[in-house]
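Q: Here's a sequence, model it:
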Amino acid sequence: MIRYDILPTRCGDLLVAIDERGLVHVDFVAGLRPLPDMRDWLQDGEALAPFLAEFEAYFAGRLQRFTLPLAARGTAFQQAVWRALCDIPYGETRSYGDIARAIGKPSAVRAVGAANGRNPLSIIVPCHRVIGQNGSLTGYAGGLPIKQALLALEGSDA
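A: Got it, this is the predicted structure:
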């Protein structure tokens, strides 16, 4: 059973979903990619309260590293990319090439970009901290204005 709730944030409404193992989906409701099919999901603010509290602390500037249990589903390659994203420190950015090198696959830059784009746990797995090799902001499922707002919240120069 997947339980969810919607958290209003300064960047827009955030869909947060969990199963019995932990977070399975975090995304901006008005983002660029379609939301998952939620017909069988149960809205449960009480079950989501500890998860939403960490997001509230993050958006208030009081939390830099999440402690929530993660249960994202993906291929072994995607999981490796997502783990590398979690190693990007708060307030810093990395390029797709940096991530490819970090996972030991320096020629897999495009595949890293694709895995980054399939990240089901926005903010928690900080794909917003990945920028172009030339320092430019690149795609973000929530939209570039949200990516820019998240980087500004974290004090990034990007």
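Q: Pick out the residue closest to the middle of the chain.
A: For the chain, Ser122 is the residue whose C-alpha lies nearest the centre (Cα atoms, centre = their mean; 1.7 Å).
Q: Flag the shaky bits of this structure, pLDDT-wise.
A: Regions of the chain meeting the criterion pLDDT under 70 cover residues 158.
Q: Mind naming the longest helix for it?
A: Identified as the longest helix of the chain according to DSSP state H is helix 45-59.
Q: For that one, buried residues please.
A: In terms of neighbour count (16 or more other Cβ atoms under 10 Å), helix 45-59 has its buried residues at Leu48, Phe51, Leu52, Glu54, Phe55, Tyr58, Phe59. C-beta: built from backbone N, CA, C; applies to glycine.
Q: now, among the residues you listed, which is nearest to Tyr96?
A: Tyr96 has its nearest neighbour among the buried residues of helix 45-59 in Tyr58, at 23.9 Å by Cβ to Cβ.
Q: so what's the closest one up against?
A: Listed by Cβ atoms under 8 Å, 6 or more residues apart in numbering, the contact partners of Tyr58 are Gln64, Phe66, Ile123.
Q: Then Tyr96?
A: Val109, Arg110, Val112, Gly113, Asn116, Val130, Gly132, Gln133, Thr138.
Q: Now the second one: which helix or strand?
A: In this structure, Arg110 is located in helix 109-117 according to DSSP states H and E.
Q: Which strands or helices does that helix pack on?
A: Helix 109-117 sits against helix 76-86, helix 96-102, with contacts defined as 3 or more Cβ pairs under 8 Å, 6 or more residues apart in numbering; DSSP states H and E.
Q: Find the nearest non-adjacent residue to Phe28, please.
A: Distances taken as Cβ to Cβ, 6 or more residues apart in numbering put Gly142 closest to Phe28, at 4.0 Å, once the chain neighbours are dropped.
Q: Kindly report the same for Ile6.
A: Ile6's closest residue in space is Asp13 (Cβ to Cβ, 6+ apart), at 5.1 Å.
Q: ok, that neighbour touching Gly31?
A: No. Counting by Cβ atoms under 8 Å, Asp13 stays clear of Gly31, with 9.8 Å between them.
Q: more neighbours, the two?
A: Neighbours were counted for Asp13 and for Gly31 using other Cβ atoms under 10 Å; Gly31 has more, 19 against 13.
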